[in-house]
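Colleague: Quick check, what structure comes out for this input:
(4 chains)
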Number of protein chains: 2
Amino acid sequence: MEKRVRLVDVARAAGVSQGTASNAFGKPHLVRQQVRDRIFAVAAELGYRGPHVMARMLRTGRAGALGVVFPDNLEYAFTDPVAIELLRGVGRECARQAVNMMIISAENQEQAISAVNNAAVDAFLVHCYSDNNDIISALRRRNLPLVGIDTDIRDAVASVVLDDYTGAAMAARHLLECGAGYFAILSLQANEAERFGPMDDKRRGAVSHRVVRERLAGYHAMLESGGVEVDDIVHIECDNLSEQASAQVRQLLIDHPKIDGILAMSDVIAIGALDAIKKAGKSVPGDIRVIGFDGIADGERTDPPLSTITQNSVEKGRLAAELALGEGDRRSRVLPTTLTVRGSTKA
Amino acid sequence: MEKRVRLVDVARAAGVSQGTASNAFGKPHLVRQQVRDRIFAVAAELGYRGPHVMARMLRTGRAGALGVVFPDNLEYAFTDPVAIELLRGVGRECARQAVNMMIISAENQEQAISAVNNAAVDAFLVHCYSDNNDIISALRRRNLPLVGIDTDIRDAVASVVLDDYTGAAMAARHLLECGAGYFAILSLQANEAERFGPMDDKRRGAVSHRVVRERLAGYHAMLESGGVEVDDIVHIECDNLSEQASAQVRQLLIDHPKIDGILAMSDVIAIGALDAIKKAGKSVPGDIRVIGFDGIADGERTDPPLSTITQNSVEKGRLAAELALGEGDRRSRVLPTTLTVRGSTKA
DNA sequence: TTGAAAGCGTTACCAC
DNA sequence: GTGGTAACGCTTTCAA
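Modeller: Below is the predicted model:
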């Protein structure tokens, strides 16, 4: 392996200064055509591969990349349909701004921190649920623009969240209007401790994940205004995977046969619920009405199709990237949701 | 904004040399505990944020990231289920090796080239179908380890491809065994020109995408050995999206009502076909047998469930990443496929 | 337009 | 173990 050809070698061979050679590559308009051509010719002859990326970065201070962090879950980013839509949006904006997309990857918390510290990026996006987290601290320490998605991070440049409260309330109101009277809420993970299963009121008081807190509040407020006692609602904390959720719902149907309305905090969970209900020999929406949250494409093709609270995850990701990369005003945003009625709540 | 604190500032303030300060951060075991603590204390006091990532990169020559390029399609990577599985595998290996994952993003060919040139990475992975491509040239020019996925790139360090020929042949044999006699092949895009629709024999001769070429050959060889004339097979080039494919199949069923066996080069296309057949009032597998390719999760939940040729895309991605990052032997690999029989071919 | 020289902040090497 | 110092390869003043 021969030594790498450097810009200075090209400059010397072409009989120009290093500065001129640099301009020929980076700011061609500053160099006379004739000189430029000579430089390029010499460069080609010498086998110069163009400016060294890392050296340029050091000098300019720009990395040309946006870091994306999923601290809660490692393979989550490429498994959950909502996370994938988010990434699609981030990628779209990165492409628009000619910036690459650096996915921070790690097998554990400690490794994630060093992955954050080693990432050459101009800004960070972090998708997570709570902000008391060692990774968030590491991100703050980098002192780069930091945008939180689905969570409100203190000191972050901005955040992009959903109007989860209103969305949840719409879902609950819809189920009430469809005639449901006995409710179960299938919650996403409520805090760091992975403790899936029934959620007693003590655990409901210890919700650190913003999304869960808001949606729970929205469900409760609406159901209460509909005459339902919160203590009469069955709460289950579910893993956000259809299979797992399905198993949990199977047990739920045995333990609480009167349930006729299910509020799921994600479509993935709701799809698992549909499956369990079908296997239990009950009908949807006849015996039980089910409404999800997110509006993923798979929900259109279930049997029956899934009613849900639709959010625009692609736009959420795109907007977050725009805020992180942008110079402009960085107000945080709260995105709206809409009610999508399909067959799982109404015949 | 005050000036950034540098390692040399910390070293001076702590009364040690820059080298020792560097070691305290990068190779702690080389520095006495006592000295180390003093350095850290001073660093904290001065607000030193740790070694500058870009400077370290320039000095060490390591970027700590793997570049991933999807030249054919821009949002493709976050839309196609197979590409997502691939990314999951790549991410898994990156995490294992404590390397970040850089997705090269661009809106067009030209931008993609400069994105490749600006990426600070240690190796590249490229998923694509053919190798006569400006982006591939740009990748070669970077002179970094380059691994091709699903394609054989000249001069690449290695490549990871599927045994597409055998997989396709298995699919065709299965349909023959199920009693199909009149075949349609739903092909993936055959070359750079996006010209979806019927594929005449001239176009079948101009297939530059390796995957398509191999699968076509596999289908044809097996069908011919089953007594089917290649000219009697209907060929349609499909966009790899269920909706689009569905529309194309709807027309196919009108033009060729005798078709009773469909070979789709992807599950996504096959799912679109199932949909079109259902809407046309025909039954699967009674009237028409359908077999896909890939083995994506969605295929398990269609009605009827989709028979397919299963590949392990996650492992394909992981292996490619391992080859790109690894020091070890870099022989190219050909991964196997298996026949998965479900309801779309057999009652 | 072009040239000269000053950093960018670090790590690796070699001497002590 | 520790200290000095020379790269790493570039872009960007500033002066000509």
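
Colleague: Which residue ranges of the stretch 151-300 of chain A form strands?
Modeller: A:158-162, A:183-187, A:197-198, A:234-237, A:261-264, A:289-291 (DSSP state E, counting those that start in this stretch).

Colleague: Need these in TSV (columns: mean neighbour count).
Modeller: Where C-beta positions appear, they are placed from N, C-alpha and C, glycine not excepted. Below are the strands of the stretch 151-300 of chain A laid out as TSV (neighbours: other CB atoms under 10 Å in any protein chain shown):
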stretch	mean neighbour count
strand A:158-162	23
strand A:183-187	26
strand A:197-198	14
strand A:234-237	21
strand A:261-264	30
strand A:289-291	27
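
Colleague: List just the one of those strands that sits closest to A:Ala123.
Modeller: Among the strands of the stretch 151-300 of chain A, strand A:158-162 comes nearest to A:Ala123, with 10.6 Å by CB to CB.

Colleague: Which residues does that closest one contact?
Modeller: Here strand A:158-162 makes contact (CB atoms under 8 Å, 6 or more residues apart in numbering or on different chains) with A:147-153, A:210-211, A:311, A:316, A:319-320, A:323-324, A:330-337.

Colleague: try it again with 7 Å
Modeller: For strand A:158-162, the external contacting residues (CB atoms under 7 Å, 6 or more residues apart in numbering or on different chains) are A:147-153, A:311, A:316, A:319-320, A:323, A:330-335, A:337.

Colleague: Show me what the mean pLDDT comes to for that strand.
Modeller: Taken as a whole, strand A:158-162 has a mean pLDDT of 95.

Colleague: That one pairs with which strands?
Modeller: Applying DSSP bridges, strand A:158-162 is found paired with strand A:146-149 (parallel), strand A:333-335 (parallel).

Colleague: separation between the residue of the stretch 101-250 of chain A found nearest DNA strand D and B:Val31?
Modeller: Nearest to DNA strand D in the stretch 101-250 of chain A, going by CB to the nearest atom of the strand, is A:Ala120, at a distance of 13.9 Å. Computed as CB to CB, to the nearest Å, the A:Ala120 to B:Val31 distance reads 26 Å.

Colleague: So between these two, which is more surrounded?
Modeller: Using other CB atoms under 10 Å in any protein chain shown, the more surrounded residue of A:Ala120 and B:Val31 is A:Ala120, with 27 against 21.

Colleague: Let me know whether the more buried one touches B:Ala55 as I believe.
Modeller: No. At 10.3 Å, A:Ala120 does not count as touching B:Ala55 under the criterion of CB atoms under 7 Å.

Colleague: need the residues of the stretch 1-150 of chain A near chain B, please.
Modeller: For the stretch 1-150 of chain A, the residues in contact with chain B (CB under 7 Å from any CB of the partner chain) are A:49-50, A:53-55, A:57-58, A:63-65, A:74-75, A:78-79, A:84, A:87-88, A:91-92, A:94-96, A:98, A:100-107, A:111, A:115, A:117-120, A:141, A:143.

Colleague: Show me which of those residues are buried.
Modeller: Buried by 16 or more other CB atoms under 10 Å in any protein chain shown: A:53-54, A:57-58, A:63-65, A:74-75, A:78-79, A:84, A:87-88, A:91-92, A:94-96, A:100-107, A:111, A:115, A:117-120, out of the residues of the stretch 1-150 of chain A next to chain B.

Colleague: Among those residues, which lie within strands?
Modeller: The strands, defined by DSSP state E, take in A:65, A:100-103 from those.

Colleague: For the residues you listed, give me JSON lines that also has pLDDT and distance to A:Ile262.
Modeller: Shown next, in JSON lines, are these (pLDDT from 0 to 100; distance: CB to CB, whole Å):
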{"residue": "A:Ala65", "pLDDT": "98", "distance to A:Ile262": "42"}
{"residue": "A:Asn100", "pLDDT": "98", "distance to A:Ile262": "42"}
{"residue": "A:Met101", "pLDDT": "97", "distance to A:Ile262": "36"}
{"residue": "A:Met102", "pLDDT": "98", "distance to A:Ile262": "39"}
{"residue": "A:Ile103", "pLDDT": "97", "distance to A:Ile262": "34"}
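
Colleague: And for the closest residue to A:Ser17 other than its chain neighbours, the neighbour number?
Modeller: Spatial nearest neighbour of A:Ser17, chain neighbours left out: A:Ala11 (6.0 Å); criterion: CB to CB, 6 or more residues apart in numbering or on different chains. Using other CB under 10 Å, A:Ala11 is surrounded by 20 other residues.

Colleague: how close does A:Ala11 get to A:Phe25?
Modeller: 11 Å.

Colleague: Then A:Arg215?
Modeller: 53 Å.

Colleague: Which one's more surrounded, these two?
Modeller: Neighbour totals were compared for A:Arg215 and A:Phe25, and A:Arg215 leads with 29 against 18 (other CB under 10 Å).

Colleague: who touches that one in this structure?
Modeller: Here A:Arg215 is in contact with A:164, A:168, A:265 (CB under 7 Å, 6+ apart).

Colleague: now do 8 Å
Modeller: A:164-165, A:167-168, A:187, A:265, A:293.
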